[in-house]
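> Generate a structure from the sequence data that follows.
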Amino acid sequence: MASATQTESIAARLIGKLSGFLERFRDIGEIRGLSPAEACSVAHDLRISPAQLETLVARGRHGADELPKMLKVLGIDEVAIKRQEPGVLHDMRRVCALCIEKSRCQSELEAGTAALHHREYCANTYTIDSLETKPDQTELQLRGPCCC
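All right, here's what the predicted structure looks like:
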């Protein structure tokens, strides 16, 4: 039986390959050119609906540009997430790219108020909160393994 880490790693690689596949499409017309079965297959592999797939392709490579900015203003290290939890970061990018609150997010980021208000609109709030409350690995190493 595969461990959770191995499963996440496999899933992250699969999603990465599929993301690379999607990046080759130049516009939404090409994704619409897929047969319904092909589009459903790609969407299923990404664990999204065909409509969400179309939205992701339409928003293109810049669909999640707000995420690194949001993480930075919240003091969350994107590189560390990518290294330690690549599947989590990929999922956060997908959620960001599908977000319906783009204009508010951009306005809050530009105004410097995103850190104060992101919980009101950001679909990644629960993930962000879990990243903020995750114990520091250095602290875990200093304390040693839990015995009880």
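> can you tell me how far the residue nearest the centre of the chain sits from Ala111?
Centroid check for the chain by C-alpha atoms, centre = their mean gives Met92 as the closest residue, at 2.0 Å. Between Met92 and Ala111 the distance, using C-beta to C-beta, to the nearest Å, works out to 22 Å. Where C-beta positions appear, they are placed from N, C-alpha and C, glycine not excepted.
> Which residue, other than its chain neighbours, is closest to the residue nearest to the centre of the chain?
Asn124 (5.1 Å; C-beta to C-beta, 6 or more residues apart in numbering).
> Stretch 101-119: which residues count as buried?
Applying a neighbour-count criterion of 16 or more other C-beta atoms under 10 Å, the buried positions in stretch 101-119 are 101-102, 104-105, 108-109, 114, 118.
> Now pLDDT and distance to Arg61 too, for these, in TSV please.
Putting the buried residues of stretch 101-119 into TSV (pLDDT from 0 to 100; distance: C-beta to C-beta, whole Å) gives the following:
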residue	pLDDT	distance to Arg61
Glu101	96	20
Lys102	94	15
Arg104	97	22
Cys105	97	17
Glu108	98	22
Leu109	98	18
Ala114	97	22
His118	97	23
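> neighbours of Gln52, just the number please.
Residues lying near Gln52 (other C-beta atoms under 10 Å) number 15.
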